[in-house]
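**Student:** Build the 3D model from these lines:
(2 chains)
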Amino acid sequence: MTEILFHNTLTGRTEPFVPLVQGEVHAYTCGPTVYDFAHVGNFRTFVFQDILRRYLKSRGFRVIQVMNLTDVDDRIIQKAAAAGVSIRDYTEKYIQAYLDDRRALSLEPPEHIARATEHIDDMVRLVQRLTEKGFTYTSDGSIYFRISKFPAYGKLSKIDVTGMQAGARVDVDRYDKDNVRDFALWKAPKPGEHFWETAIGPGRPGWHIECSAMAMKYLGDTLDIHSGGVDLMFPHHENEIAQSEAATGKPFVRYWLHSEHLLVDHEKMSKSVGNIATLRELFAHGHKPSSVRFLLASVPYRRQLNFTPESLQGAASSVDRLRNFVSRLRSEKFPAGASPAMESRTVKAQEDFDRGLADDLNTAQALAAIFDLVRDVNTAMDHGEFRQGDAAPVLAVLEMFDAIFAVLHDDDGEKLRALGLAPVSPPLSDDEIEALVAERQAARKRRDFAASDRIREQLAERGVILEDTRDGGVRWKRK
RNA sequence: GGCGCGGUCGCCAAGUGGUAAGGCAAAGGUCUGCAAAACCUUUAUCGGCGGUUCGAUCCCGCCCCGCGCCUCCA
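**Tutor:** From the prediction side, this is the model:
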């Protein structure tokens, strides 16, 4: 097996991946702040994290992944207050939406989904540890981390704090701090705001502390992998390192993986730019979950991805090609036996696929291995060089592919129905389709092509495509 | 200004010191009752300028351009 390589932001190098505990990967992935629907840009990262965990699993690792749900922050507090509901009630809706969206994109559930508001105690204890070690100070009831006490500050984002001067840029924080880079571990409550009464005083957690507290609670002091979008590198991840390592004296994360942004018209997709699209919007416009997943997964994670309707359409065509291939492999009848040539071709595809992913999750390269195989096998089938015994190994490669990419299963309709974005039941059941297909076959047999075509059109109108095969059979698929 | 990512066929996107994967799109063809699917063929010298080298798209230097972070952000 090929050695797995990951590009580690911390070292700036692509390095062999070896987890701390053999055969086990402890990974923390930054989840969403649930103040609104997540957009496709957010899901670019979540899909990357899913590819990451699926690949590690396929390589035999036991993966323990923790994902946070940030369900308390300034925006949530404001919006909940504006809506006149509790933070809990306000975020619940978006948490459900987020989890539904994840299912729509076939994102595997992490082992632990940790809500910030359910880990206040853990955060308080972490702040206490930091205070005991002298890394904090209090100002107006808020507790800050003093970065001057942590010399390694900046090692992830390569930011040099020594030359930093307060006032060089406007200090946007409303609180008094000794140094502009110091960050809040615990924020004093403002009048009317929701707060927790704790051993370190009333208030609510700062943004960064939740990740450190929850990551270490479930994964130990030193994690193998921590991932998120590049925009989180500074200050979020940098601050996580500072507060975690200051508390434990041990390395917090061994491999930092950051995914690049999704762009729209060469600009980052973000709420503030106003160029966002939610999954629901895309689906409502007729795009399929599998198209979205394929597109997001097909561009290697460290590359910016320009998102366009055309690229989505292209992704849909690619998925169709793969599904057509699998369908042909399953339905067509081939001569008995197996060919040694096909055997070795299959093994090569398998190796190439894995080599691509092993190289820092190069999904584009892995995909090429699959499409190469598809073409070669199709050619062999067209030339009558494919045997029945060759089918199973080829299908096995496709299954290996789908264990990572998860786009082959034709369940787009079901997923949309689950989101309430499609009719509750499919227009035609499998049995109804089969009955019409049989009827058409009978018509074809007596060479009544008019009747035959009528049935095909009738099915086409209801979203079912028929394909006549060489051996006189028919296979169908839902559009 | 600092830090980071990137500039390869119409679009997306791999990759290697010895003349460039794959996908989508387009055109032509084969097959087919028709259609679809599939297959075949056609379409690039890798942002610019220097340097190293027998030879660079890939190594080094400089420059140009795009994007991001440095403030909330996947």
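**Student:** rest of the way, CA atoms for contacts and neighbours
**Tutor:** Noted.
**Student:** who's in contact with the closest residue to RNA strand B within chain A?
**Tutor:** In chain A, no residue comes nearer to RNA strand B than A:Gly229, which is 2.6 Å away by Cα to the nearest atom of the strand. Counting by Cα atoms under 8 Å, 6 or more residues apart in numbering, A:Gly229 touches A:Thr45, A:His258, A:Ser259, A:Glu260, A:His261.
**Student:** Name the residues of the stretch 1-150 of chain A found near RNA strand B, please.
**Tutor:** Residues of the stretch 1-150 of chain A found near RNA strand B (Cα under 7 Å from any atom of the strand) are A:Gly12, A:Cys30, A:Gly31, A:Pro32, A:Thr33, A:Gly41, A:Asn42, A:Phe43, A:Arg44, A:Thr45.
**Student:** May I see the PyMOL selection of the buried members of the residues you listed?
**Tutor:** The PyMOL selection below is limited to those of those classed as buried (16 or more other Cα atoms under 10 Å):
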select buried, chain A and resi 30+31+32+33+41+42+43+44+45
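**Student:** Double-check that A:Tyr137 belongs to a helix.
**Tutor:** No. A:Tyr137 is assigned strand when assessed by DSSP: H, G, I helix; E, B strand; the rest coil, not a helix.
**Student:** Now stretch A:347-358: buried residues?
**Tutor:** Those would be A:Ala349, A:Gln350, A:Glu351, A:Asp352, A:Phe353, A:Asp354, A:Arg355, A:Gly356, A:Leu357, A:Ala358, for stretch A:347-358 by 16+ other Cα under 10 Å.
**Student:** Run through who's touching that stretch.
**Tutor:** With Cα under 8 Å, 6+ apart as the test, stretch A:347-358 has contacts from A:2-5, A:55, A:362-370, A:372-373, A:397, A:401.
**Student:** And the residues of the stretch 1-150 of chain A next to RNA strand B, which two are furthest apart?
**Tutor:** Farthest-apart pair in those is A:Gly12 and A:Thr33; separation 27.7 Å (Cα to Cα).
**Student:** related to what we said a few turns ago, out of the contacts of stretch A:347-358, which are buried?
**Tutor:** A:4-5, A:55, A:362-367, A:369-370, A:373, A:397, A:401.
**Student:** quick one: buried residues of the strand or helix carrying A:Met214?
**Tutor:** Assigned by DSSP states H and E, A:Met214 falls within helix A:209-219. Within helix A:209-219, the residues scored as buried using 16+ other Cα under 10 Å are A:Ile209, A:Glu210, A:Cys211, A:Ser212, A:Ala213, A:Met214, A:Ala215, A:Met216, A:Tyr218, A:Leu219.
**Student:** Thought A:Ile241 was touching the third one, still the case?
**Tutor:** No. Counting by Cα atoms under 8 Å, A:Ile241 is not a contact partner of A:Cys211; they are 10.1 Å apart.
**Student:** returning to that earlier point: hey, what's the residue of chain A closest to RNA strand B bridged with?
**Tutor:** On the basis of DSSP bridges, A:Gly229 is bridged to A:Ser259.
**Student:** Only the C-alpha atoms, please, for stretch A:298-312, written as CSV.
**Tutor:** What follows is stretch A:298-312, C-alpha atoms only, in CSV (Å, rounded to 0.1, in the frame of the first residue of the first chain):
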residue,chain,number,x,y,z
SER,A,298,-13.6,16.2,-7.6
VAL,A,299,-11.4,19.2,-7.1
PRO,A,300,-8.5,18.5,-4.7
TYR,A,301,-9.2,20.2,-1.4
ARG,A,302,-6.2,22.6,-1.5
ARG,A,303,-7.3,24.2,-4.7
GLN,A,304,-9.8,27.0,-5.0
LEU,A,305,-12.9,25.8,-6.7
ASN,A,306,-14.8,28.2,-8.9
PHE,A,307,-18.5,27.3,-8.6
THR,A,308,-20.7,27.7,-11.6
PRO,A,309,-23.9,26.2,-12.9
GLU,A,310,-21.9,24.8,-15.8
SER,A,311,-19.5,23.0,-13.5
LEU,A,312,-22.4,21.5,-11.7
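**Student:** Let me have the buried ones among the contacts of stretch A:347-358 in CSV, adding pLDDT as columns.
**Tutor:** Listed next are these as CSV, based on pLDDT from 0 to 100:
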residue, pLDDT
A:Ile4, 96
A:Leu5, 95
A:Tyr55, 98
A:Asn362, 97
A:Thr363, 97
A:Ala364, 97
A:Gln365, 96
A:Ala366, 97
A:Leu367, 97
A:Ala369, 97
A:Ile370, 98
A:Leu373, 97
A:Val397, 97
A:Phe401, 98
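**Student:** ok, which pair from these is furthest apart?
**Tutor:** A:Leu5 and A:Leu373 (24.3 Å).
**Student:** According to the record, where do the domains of chain A fall?
**Tutor:** What automatic domain parsing lists as the domains of chain A is A:17-268, A:284-292+A:308-418, A:430-478.
**Student:** hang on, isn't A:Asn337 packed against A:Glu385?
**Tutor:** Not quite, residue A:337 is Gly, not Asn. No. Using Cα under 8 Å as the test, A:Gly337 is too far from A:Glu385 to be in contact (10.7 Å).
**Student:** Have a look at those two and say which one is more surrounded.
**Tutor:** Neighbours were counted for A:Gly337 and for A:Glu385 using other Cα atoms under 10 Å; A:Glu385 has more, 16 against 10.
**Student:** Tell me the confidence at A:Gly473?
**Tutor:** Confidence at A:Gly473, expressed as pLDDT, is 84.
**Student:** Strands of the stretch 1-150 of chain A, start to end?
**Tutor:** Along the stretch 1-150 of chain A, the segments classed as strands by DSSP state E, counting those that start in this stretch run A:5-8, A:13-16, A:24-29, A:62-69, A:112-115, A:136-139, A:142-145.
**Student:** one step back: the buried residues of stretch A:347-358 into CSV, with extra columns for distance to RNA strand B?
**Tutor:** Shown next, in CSV, are these (distance: Cα to the nearest atom of the strand, whole Å):
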residue, distance to RNA strand B
A:Ala349, 11
A:Gln350, 14
A:Glu351, 14
A:Asp352, 10
A:Phe353, 11
A:Asp354, 12
A:Arg355, 10
A:Gly356, 7
A:Leu357, 10
A:Ala358, 10
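**Student:** Just those residues: which are in helices?
**Tutor:** Within these, residues falling in helices by DSSP state H are A:Ala349, A:Gln350, A:Glu351, A:Asp352, A:Phe353, A:Asp354, A:Arg355, A:Gly356, A:Leu357, A:Ala358.
**Student:** and the two most separated of those residues?
**Tutor:** Among these, the pair separated by the greatest distance (Cα to Cα) is A:Ala349 and A:Ala358, at 14.0 Å.
**Student:** how far away is A:Asp410 from A:Asp448?
**Tutor:** For A:Asp410, the distance to A:Asp448 equals 32 Å [Cα to Cα, to the nearest Å].
**Student:** Report whether whichever helix or strand A:Leu329 is part of contacts RNA strand B.
**Tutor:** Using DSSP H and E, A:Leu329 sits in helix A:309-331. Yes. Looking at helix A:309-331 against RNA strand B by Cα under 7 Å from any atom of the strand, the contacts come from A:310-311, A:313-315, A:317-318, A:320-322, A:324-325, A:328.
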